[in-house]
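# can you look at this prediction? I've put the sequence above it.
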Amino acid sequence: KQEVTQIPAALSVPEGENLVLNCSFTDSAIYNLQWFRQDPGKGLTSLLLIQSSQREQTSGRLNASLDKSSGRSTLYIAASQPGDSATYLCAVRDRGSTLGRLYFGRGTQLTVWP
Amino acid sequence: NAGVMQNPRHLVRRRGQEARLRCSPMKGHSHVYWYRQLPEEGLKFMVYLQKENIIDESGMPKERFSAEFPKEGPSILRIQQVVRGDSAAYFCASSPAQMSGNTIYFGEGSWLTVV
């Protein structure tokens, strides 16, 4: 059974710092991996989706990498801003599983203070 | 194009009552997924439905929980005889089809509190 772990559970940094959030998964036979953002009391917003054949994806100040063989992904946030404060969730879709069946980590709660 | 709509956003039920959570998928989406987020835990898959069909319910608790997605109207997650352990955020997501590379789109959740 796939298990997804995110480290650290919480992170508090001053504005402007570059950050790395970590995600690991136990079964490397994945279809894709996705990073989401969740604001308090809100739903999930997809940030980046990496297919199993890809090594990384970039969107603005965000860069996500994937090392499938070692079961790891990192989300890099450049020049962090207070508006980046949220919980970041990593989710994997296993090979052979349906599109919407994702395995989530518990998230990293990020606080960026001015 | 409205996103995934869930209602109610917040629901309070006494132990033993029934809770009904509704989800309207994005326009053009025919696949619906329900997830549950318990306090201090990650989101857990519950069920995957298409119109009038349950495709995968392997994440649903064996008792008291049921889900449907009728031909007309929203998908409904029904919890009978609620207990305090059912208190959680319930998220609905939708997608257009089983296409590779597609993400799924989440609603803003329904927060159930059992008192």
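The structure has been received and is ready for your questions.

# for stretch B:2-20, buried residues please.
B:4, B:6, B:11, B:13, B:19 (16 or more other CB atoms under 10 Å in any protein chain shown). (Each C-beta comes from the backbone N, C-alpha and C, glycine too.)

# chain A next: which of those are close?
Near chain A, judged by CB under 8 Å from any CB of the partner chain, the entries from the buried residues of stretch B:2-20 are residue B:4.

# now render the buried residues of stretch B:2-20 as JSON lines, adding distance to residue B:25, secondary structure and pLDDT.
As requested, these are arranged in JSON lines below (distance: CB to CB, whole Å; DSSP: H, G, I helix; E, B strand; the rest coil; pLDDT from 0 to 100):
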{"residue": "B:4", "distance to residue B:25": "6", "secondary structure": "coil", "pLDDT": "95"}
{"residue": "B:6", "distance to residue B:25": "10", "secondary structure": "strand", "pLDDT": "97"}
{"residue": "B:11", "distance to residue B:25": "20", "secondary structure": "strand", "pLDDT": "97"}
{"residue": "B:13", "distance to residue B:25": "25", "secondary structure": "strand", "pLDDT": "98"}
{"residue": "B:19", "distance to residue B:25": "20", "secondary structure": "strand", "pLDDT": "98"}
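
# the residue nearest the centre of chain B sits in which helix or strand?
Residue closest to the average C-alpha location in chain B (CA atoms, centre = their mean): residue B:34, at 3.4 Å. Using DSSP states H and E, the element containing residue B:34 is strand B:31-37.

# may I have that strand as PDB, with CA atoms only?
Taking C-alpha atoms only, strand B:31-37 is exported to PDB below (Å, rounded to 0.1, in the frame of the first residue of the first chain):
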ATOM      1  CA  HIS B  31     -16.400  11.800 -12.700                       C
ATOM      2  CA  VAL B  32     -16.800  12.600  -9.000                       C
ATOM      3  CA  TYR B  33     -14.500  11.600  -6.100                       C
ATOM      4  CA  TRP B  34     -15.000  12.000  -2.400                       C
ATOM      5  CA  TYR B  35     -12.200  12.400   0.100                       C
ATOM      6  CA  ARG B  36     -12.200  12.800   3.900                       C
ATOM      7  CA  GLN B  37      -9.700  14.800   6.000                       C
END
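
# need the strands for chain B, in chain order.
Here chain B has its strands, by DSSP state E, at B:5-7, B:10-13, B:19-24, B:31-37, B:43-50, B:53-56, B:65-68, B:75-79, B:88-95, B:105-106, B:110-114.

# show me what the third one is packed against.
This means strand B:19-24. strand B:5-7, strand B:10-13, strand B:75-79, strand B:88-95, strand B:110-114 (3 or more CB pairs under 8 Å, 6 or more residues apart in numbering or on different chains; DSSP states H and E).

# and of these, who's closest to residue A:98?
When those are ranked by distance to residue A:98, counting by CB to CB, first place goes to strand B:88-95 at 9.5 Å.

# tell me the residues of chain B that contact chain A?
B:4, B:31, B:33, B:35, B:40-45, B:48, B:55-56, B:59, B:91, B:93, B:95, B:97-109, B:111.

# just the buried subset of the residues you listed, please.
By 16+ other CB under 10 Å, the residues of chain B next to chain A give B:4, B:31, B:33, B:35, B:42-43, B:45, B:48, B:55-56, B:59, B:91, B:93, B:95, B:103-109, B:111 as buried.

# beta-bridge partners for residue A:67, please?
Residue A:67 forms beta bridges with residue A:72, as assigned by DSSP bridges.
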